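**Student:** Kindly generate the corresponding structure for this input.
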Amino acid sequence: MTSKRAITTVFFISFVALGMTVPLLGVTVQDLAARFGVAIENAGQFQTAMSFGGVVSSLVAGRLYDRMNARRLLPLGSGLIAISMLGLYLSTSQLAGLLSAFAMGVGFSVYLLGPNVIITRLNAGNAAGPLSALNFTYGVGAILAPQLVTLGTLLAEVRIAYLITGGMMALLTIPMALVDVPPPVAATDEGSRARVNWLHLLPFVVLFYCAMGIEVSFNTWVVTQGQLVARVPLTTANFAASIFWIGYTLSRGAAAWIGRRMTSLHLLISAIGVMIAGYILMLAVPASPAVFIASALIIGIGTGPLFPASLATTGEAFPLVMGQVTGLLTAAGNFGPTTLPLLQGRVGGGQSGGMSLLLAFSGVMLLAALAVQRYKPGMLGVRLSPQPAPVDD
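**Tutor:** Numbering: from 1, shown residues only. Presented below is the predicted three-dimensional model:
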């Protein structure tokens with residue numbers, strides 16, 4: 001499969017299934033805690049295990065996408081996710097659950113990086129729109145995940161969501177093995193000689209840490225926030241989680257259009273501002289179910305463009321070594337989902353979802369985005385040209 005159109009279509013479809021994976025750990029956190037006898041405030045350890053797996057794989061996967069054909073890596077990612085979902089379905093011990101979550105993180109990062117890096121290369125110079133469109137489909141899957149859990153609850157078998165999602169990822173291994181995208185010449189020649197200035201990377205590290213950590217941590221604790229603070233039933237709390245993903249997905253769809261008329265960095269700053277407004281609203285009127293659902297929507301709208309806009313901004317700044325830099329930043333960013341859910345659980349202390357912590361980190365992310373404004377595109381050389389290999393049919 002070498003057609004740009006076919007590759008893009010397959011990636012868009014596959015991201016629906018991928019979008020169902022991470023949210024499942026969040027909306028089933030109370031089931032996991034009950035199944036393995038873990039205190040609810042410590043249940044973020046499953047997200048931590050998943051994120052740690054993502055850190056490990058991201059350090060390697062980014063470099064490999066700069067040096068290897070994508071068809072060697074993509075099936076590995078989807079296959080590992082499928083196996084991890086089966087593990088979460090079958091696990092009867094806390095250790096088995098943590099190992100399954102770790103394997104999920106490894107596969108998730110391998111798979112997440114590939115389509116994002118490839119779509120950026122195929123649309124160099126105007127990647128924010130296509131990346132937002134790609135990640136829009138991720139949001140569609142994320143909307144479906146809480147409803148799968150609700151279905152499982154009605155059937156008295158919450159874990160069925162893992163089985164359905166794992167089966168979808170297993171089926172996707174076949175088309176992923178057919179995606180034929182070699183690494184770009186720029187990455188193998190000039191990129192191999194380029195050196196990254198680690199000082200330049202610091203604000204980007206903060207961006208990825210907050211973008212990835214805030215998204216996962218909110219999804220981990222939003223149901224708990226709804227039940228303990230807004231005093232809504234579980235079905236309504238799950239509905240709020242879906243509302244978050246609806247806002248998240250709609251904003252990514254809008255960003256695909258807005259990204260053609262606004263710089264990636266300005267899109268990122270605007271999204272952070274909307275997200276901060278949502279957290280302020282949720283904390284200002286914590287006991288209102290209506291405000292809880294409305295603020296979840298606003299937070300979702302602000303959160304949606306964070307990752308694709310951060311990725312597009314990074315691609316503009318480090319074009320010759322995008323795979324390497326993106327891998328490093330994703331690895332650093334995975335420390336967000338590794339640490340924030342645990343910290344947020346401690347802040348909540350079993351009394352709330354600890355949303356004040358995410359408001360604070362949203363402010364930190366805004367400062368990092370403002371700091372990035374002083375960098376110019378192509379800090380490590382000329383802009384990366386669109387990759388010529390795949391051709392539209």
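**Student:** In this protein, which helix is the longest?
**Tutor:** The helix that spans the most residues within the chain, counting by DSSP state H, is helix 198-228.
**Student:** What separation is there between G19 and R346?
**Tutor:** Shown here: G19 relative to R346, a distance of 28 Å by CB to CB, to the nearest Å. C-betas here are computed from N, CA, C, even on glycine.
**Student:** Settle it for me: which of those two has more neighbours?
**Tutor:** G19 (24 against 14; other CB atoms under 10 Å).
**Student:** Secondary structure element for the closest residue in space to that one that isn't next to it in sequence, which one?
**Tutor:** The shortest distance from G19 to any non-neighbouring residue, by CB to CB, 6 or more residues apart in numbering, is to G141 (2.7 Å). Using DSSP states H and E, G141 sits in helix 128-154.
**Student:** Pull out the buried positions in that helix.
**Tutor:** Buried residues in helix 128-154, counted by 16 or more other CB atoms under 10 Å: 128-150, 152-153.
**Student:** pLDDT averaged over that helix, what's the number?
**Tutor:** Averaged across helix 128-154, pLDDT comes to 79.
**Student:** what packs against it?
**Tutor:** Judged by 3 or more CB pairs under 8 Å, 6 or more residues apart in numbering; DSSP states H and E, helix 128-154 is in contact with helix 4-18, helix 21-27, helix 94-122, helix 160-176, helix 234-258, helix 306-317.
**Student:** So which of the ones you listed is nearest F335?
**Tutor:** Within the helices and strands packed on helix 128-154, the stretch nearest F335 is helix 94-122; the backing value is 11.8 Å (CB to CB).
**Student:** Taking their axis directions, that closest one and helix 160-176 sit at what angle?
**Tutor:** 40 degrees (axes from the mean of the first three to the mean of the last three CA atoms, to 10 degrees).
**Student:** re earlier: which residues sit in contact with the residue nearest to G19?
**Tutor:** Applying CB atoms under 8 Å, 6 or more residues apart in numbering, one finds that G141 lies in contact with F15, V16, A17, L18, G19, M20, T21.
**Student:** Just the buried residues of those.
**Tutor:** If we count by 16+ other CB under 10 Å, the contacts of G141 have these buried: F15, V16, A17, L18, G19, M20, T21.
**Student:** Now do the contacts for the first one.
**Tutor:** Going back to what we said before, that points to F15. Per CB under 8 Å, 6+ apart, neighbours of F15: P115, L134, N135, T137, Y138, G141.
**Student:** Please apply the same query to the second one.
**Tutor:** Neighbouring residues of V16 by CB under 8 Å, 6+ apart: T137, Y138, V140, G141, L144.
**Student:** per-residue pLDDT, it?
**Tutor:** 90.
**Student:** With the fifth one instead?
**Tutor:** Taken from the predicted model, the pLDDT recorded for G19 is 88.
**Student:** if we can go back for a sec, from the contacts of G141, which is closest to A284?
**Tutor:** Nearest to A284 out of the contacts of G141 is G19 (CB to CB; 30.0 Å).
**Student:** mind checking how far the closest one is from E215?
**Tutor:** Look at G19 and E215: by CB to CB, they are 11 Å apart.
**Student:** could you dump the helices and strands packed on helix 128-154 to a markdown table with distance to L76?
**Tutor:** Shown next, in a markdown table, are those (distance: least, CB to CB, whole Å):
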| stretch | distance to L76 |
| --- | --- |
| helix 4-18 | 14 |
| helix 21-27 | 15 |
| helix 94-122 | 6 |
| helix 160-176 | 9 |
| helix 234-258 | 26 |
| helix 306-317 | 21 |
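**Student:** Any stretches of this structure with poor pLDDT?
**Tutor:** Within the chain, the ranges that satisfy pLDDT under 70 run 1, 124-128, 184-198, 259, 319-324, 375-393.
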